[in-house]
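In: Take a look and give me a structure for this.
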Amino acid sequence: MPEIVYELTEPLDTDYLGALDGATGEDREAWALAREYGREVLAGANEAWERAEYPLETLRGLGERDLLTDGLDIPGRRRLSPLGAGLVTMELSRWDGSLGTAAAVQGGLALRSIALFGSPEQKERYLTPLAEASLLGAFALTEPDHGSDSVSLGTTAVRDGDGYVISGEKKWIGNGASGGITVVWARCEDGNVRGFVVPQEAEGYRAEVIRGKAALRGIHQARITLDAVRVPADALLPGAANFKEVSQALVQTRVGVAWSALGHAVGVYEAALQYSRQRLQFGKPLAKFQMVQERLVQMLTDVTDMQLMAAQTARLQERGTLRDQQASMFKLHNTVRARRVAATARDMLGGNGILLEHHVARHMADIEGLHTYEGTESIQTLIVGRDVTGQSAFA
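Out: Modelled structure (predicted):
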């Protein structure tokens, strides 16, 4: 008897309370394009994940479809509203978390840094190639000994003649060993943190792909050593004079992580729902069991809660009133909920839930990466806690 093949990836457009109905026009067109492309690359996602390979052609495909601008105003490229940018991020992660993270690194971090803080000459040189992904970009802030306390980073940039000499180490840097440029954040002699555009072929720049990851295996992150890397004075990003300004980019990427978590949650919920309709046990589909319906409704409630928060956050962004602490709550809320939804979905699939061919296990593992990067649950909690109490509990 042939083994049953389960079809678990067909999008069901889950939006129980119509939270995302506000998307119109170009936003919906971009969302549909992201869905079409996600469906196209899904076939290779599990294979790349299992082999820990980074298919750069999939990232370049996003650039070819103008899906990397993340709501930024890039000349000649599609400009999406905050809701539209979020929906694209959500949809990419709904198919493949590694692809969603690659887009976040390229557009949400590297492209955004130069768009926000670059000189006119830097923008002219880099924005279009980064948006097209004909040039790969990385964002190097995190260090081996400075993750959550990145404000304390130890990488230094010392003025030397007509340029700077950068020394230090970075870790967990997406695209950091893939060729292209890296926006390196370093502490200058005046104590302020500044950004520099560093070509990855620069002398003294060494990058090693981090092996042994159990999440986001379809994108490479690197450990970077900067051994007296010399860059010209015009490599400095003039628009970011201190760490507070750097945080502007991080707030937006925090929002993007929350949208990615929503994409993962929708993906695993819809897989579990479709599995419950197709899987027969004791002579009837799982969907007819009370306990299964209870779990599905619990997952749907979490997904709907995440969608409502996403839609409201997009409205605040549109008005220009979103505060850093609200972005932290959004990231905290959605990654916690996504973990819970994924765990329930994996359990509902039983033994099939751990097979990559059913996608849920990959999503479940990748959510762990989202839950950590751009600020852990603990850090986001302390940020919101300080806001509501007026008291800092940071150690």
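In: who touches T14 in this structure?
Out: Shown in contact with T14 (C-beta atoms under 8 Å, 6 or more residues apart in numbering): V266, Y269, E270, L300, V303. For the C-beta atoms, the positions are set from N, CA and C on the backbone; glycine is no exception.
In: What segments of the stretch 1-150 of the chain are helices?
Out: 25-51, 56-64, 82-95, 97-103, 112-117, 120-132 (DSSP state H, counting those that start in this stretch).
In: which parts of the shortest one are buried?
Out: Spelled out, that is helix 112-117. For helix 112-117, a neighbour-count test (16 or more other C-beta atoms under 10 Å) marks R112, S113, I114, A115, L116, F117 as buried.
In: For the third one, which non-adjacent residue is closest in space?
Out: In space, and not counting its chain neighbours, I114 is closest to Y126: 5.1 Å by C-beta to C-beta, 6 or more residues apart in numbering.
In: hang on, that neighbour packs against F117?
Out: No - with contact defined as C-beta atoms under 8 Å, Y126 does not count as touching F117 (11.6 Å).
In: N352 is nearest to which of the helices of the stretch 1-150 of the chain?
Out: helix 25-51 (13.8 Å; C-beta to C-beta).
In: Which secondary structure elements does the closest one sit against?
Out: Secondary-structure packing of helix 25-51 (3 or more C-beta pairs under 8 Å, 6 or more residues apart in numbering; DSSP states H and E): helix 56-64, helix 82-95, helix 97-103, helix 360-372.
In: Would you mind getting the angle between that helix and helix 360-372?
Out: Here helix 25-51 points in a direction 110 degrees away from that of helix 360-372 (axes from the mean of the first three to the mean of the last three C-alpha atoms, to 10 degrees).
In: Heading C-terminal from the biggest helix by length in the chain, find the next helix or strand.
Out: When the chain is parsed with DSSP state H, its longest helix is helix 243-278. Counting by DSSP states H and E, the next helix or strand C-terminal to helix 243-278 is strand 280-281.
In: average model confidence for stretch 324-334?
Out: Across stretch 324-334, pLDDT averages out at 96.
In: buried stuff in that stretch?
Out: Q325, Q326, A327, S328, M329, F330, K331, L332, H333, N334.
In: just stretch 267-279 next, same as before
Out: Of all the residues in stretch 267-279, those buried under the rule 16+ other C-beta under 10 Å are G267, V268, Y269, E270, A271, A272, L273, Q274, Y275, S276, R279.
In: how many other residues sit next to A345?
Out: A count of nearby residues for A345, using other C-beta atoms under 10 Å, gives 30.
In: does it count as helix, strand or coil?
Out: Under DSSP: H, G, I helix; E, B strand; the rest coil, A345 falls in the helix class.
In: quick check, nearest of the contacts of T14 to Y16?
Out: Nearest to Y16 out of the contacts of T14 is L300 (C-beta to C-beta; 6.0 Å).
In: Pull up the per-residue confidence for the closest one.
Out: Per the predicted model, pLDDT is 98 at L300.
In: That one is in what secondary structure piece?
Out: Using DSSP H and E, L300 sits within helix 290-319.
In: which stretches of the stretch 101-250 of the chain have low pLDDT?
Out: Along the stretch 101-250 of the chain, the model assigns pLDDT under 70 to residues 147-150.
In: State the mean pLDDT of stretch 354-363.
Out: 97.
In: Now do the end-to-end distance for that stretch.
Out: Start-to-end span of stretch 354-363 (C-alpha to C-alpha, to the nearest Å) is 11 Å.
In: Can you point out the buried residues in that stretch?
Out: Buried, per 16+ other C-beta under 10 Å, within stretch 354-363: H358, H359, V360, A361, R362, H363.
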